[in-house]
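Chemist: Pasting a predicted model and its sequence here:
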Amino acid sequence: MAPSDSAARRTNPAARFALLRLVGVAVVALVGVCALLLAAGYIRFASAIDAKEPTATPRTDAIVVVTGGAQRIGDAIGLLGADRGARLLISGVNEKTSREELAKLNPAARDLLACCVDLDYRARNTIGNAIEARRWIRQHGFRSLLVVTSNYHMPRTLAEFAHAMPSVTLIPHPVVTDHVDTSGWWSHWATVKVLAPEYVKYLVARLRSLVERDPETSRLSIIIGGRKPVSAKPAELIGPAAEKRSRLIDRPRHEG
């Protein structure tokens, strides 16, 4: 065996170790950079969340409120009463919640609920809210939308709505709740527990919008949400009113 071959074999393990070490350092550095970028993005995300509700709200063609709290719906109905939009869509309503129940919670707005409010029972998540809102504005020909949801949920909601409706002007109206203090988010663990997963969901929404054309036909939206973002049932077959009609139709008739 040639001396040069023997020396190469002896030095080969050392070279391999050096290469593995270099790769390991590069991976650790890459993970560190990614962690810093995520941390910086989270700080920017949390700091940009409105800690106070807007004092003045411009008028838009219509209003959409994403369900998730009674205060959101109350504020949205108040904006409708203040003529901040011609019509209101309450998106993601629980199938057992009727218009009459909403009227009982907002007695002063009973007439508005009867004439100018539409209830969406089909949306199952924020992606579904965007899809149903797009169908609604296309039906009515609206071009601008006042979006009402919690302040910490607003960035993701706007991202989903903008992806579904790029040609529609979106005006945010964040609702500030007492149980999530975003003004001092760094000092409240309860707030961090809300904002951290919301930030991750926001990033996923932004990344998803880069690789899909339409959330309504996207398989990613189903994979991410664990189910279809919109119920497969027709709108007229969902909700307390539909259940009541169904019971009347199925009620056995007694011969006289």
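Modeler: Nice, thanks for sending it over. Numbering: from 1, shown residues only.

Chemist: the helices in this protein, which residues?
Modeler: Using DSSP state H, the helices assigned to the chain run over residues 3-48, 70-81, 99-105, 110-115, 126-140, 154-164, 189-211, 219-225, 240-250.

Chemist: Send me the shortest one as CSV with only the CA atoms.
Modeler: So the one you mean is helix 110-115. C-alpha atoms of helix 110-115 as CSV (Å, rounded to 0.1, in the frame of the first residue of the first chain):
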residue,chain,number,x,y,z
ARG,A,110,-84.5,45.0,17.4
ASP,A,111,-85.6,47.0,14.4
LEU,A,112,-82.1,47.0,13.0
LEU,A,113,-81.8,43.3,13.4
ALA,A,114,-85.0,42.8,11.6
CYS,A,115,-84.2,45.0,8.6
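
Chemist: Which among the helices of the chain is found nearest to P54?
Modeler: Nearest to P54, of all the helices of the chain, is helix 70-81, at 10.4 Å by CB to CB. Yep, even glycine has a C-beta here, placed from its N, CA and C like the rest.

Chemist: Tell me how confident the model is about the closest one, as a mean pLDDT.
Modeler: Helix 70-81 shows a mean pLDDT of 91.

Chemist: Check stretch 201-208 too.
Modeler: 93.

Chemist: Flag every buried residue along it.
Modeler: Buried residues in stretch 201-208, counted by 16 or more other CB atoms under 10 Å: K201, Y202, L203, A205, R208.

Chemist: Identify the residues contacting it?
Modeler: Here stretch 201-208 makes contact (CB atoms under 8 Å, 6 or more residues apart in numbering) with 41, 45, 126-127, 155-156, 159-160, 163, 218, 220-221, 224.

Chemist: again, only this time at 7 Å
Modeler: F45, P155, R156, A159, E160, L220, I224 (CB atoms under 7 Å, 6 or more residues apart in numbering).

Chemist: Could you tell me which of the residues you listed count as buried?
Modeler: By neighbour count, with 16+ other CB under 10 Å, those hold F45, P155, R156, A159, E160 as buried.

Chemist: Make CSV out of these and add pLDDT and distance to R138.
Modeler: Formatted as CSV, these follow (pLDDT from 0 to 100; distance: CB to CB, whole Å):
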residue, pLDDT, distance to R138
F45, 85, 31
P155, 95, 24
R156, 96, 22
A159, 96, 20
E160, 96, 16
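
Chemist: could those residues go into TSV alongside distance to V175?
Modeler: Formatted as TSV, the buried ones among the contacts of stretch 201-208 follow (distance: CB to CB, whole Å):
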residue	distance to V175
F45	18
P155	14
R156	14
A159	18
E160	17
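
Chemist: and stretch 65-76, which residues are buried?
Modeler: V65, V66, T67, G68, G69, R72, I73, G74, D75, A76.

Chemist: okay, among the residues you listed, which ones form the most distant pair?
Modeler: Distance extremes for the buried residues of stretch 65-76: the farthest pair is V66 and G74 at 13.7 Å, using CB to CB.

Chemist: follow-up on the earlier one: which one of the contacts of stretch 201-208 sits closest to I90?
Modeler: Nearest to I90 out of the contacts of stretch 201-208 is E160 (CB to CB; 16.8 Å).

Chemist: The closest one contacts A123, correct?
Modeler: No - the criterion here is CB atoms under 7 Å, and E160 misses it with A123 at 10.7 Å.

Chemist: P54 and H173: what is the separation?
Modeler: Taking CB to CB, to the nearest Å as the measure, P54 falls 6 Å from H173.
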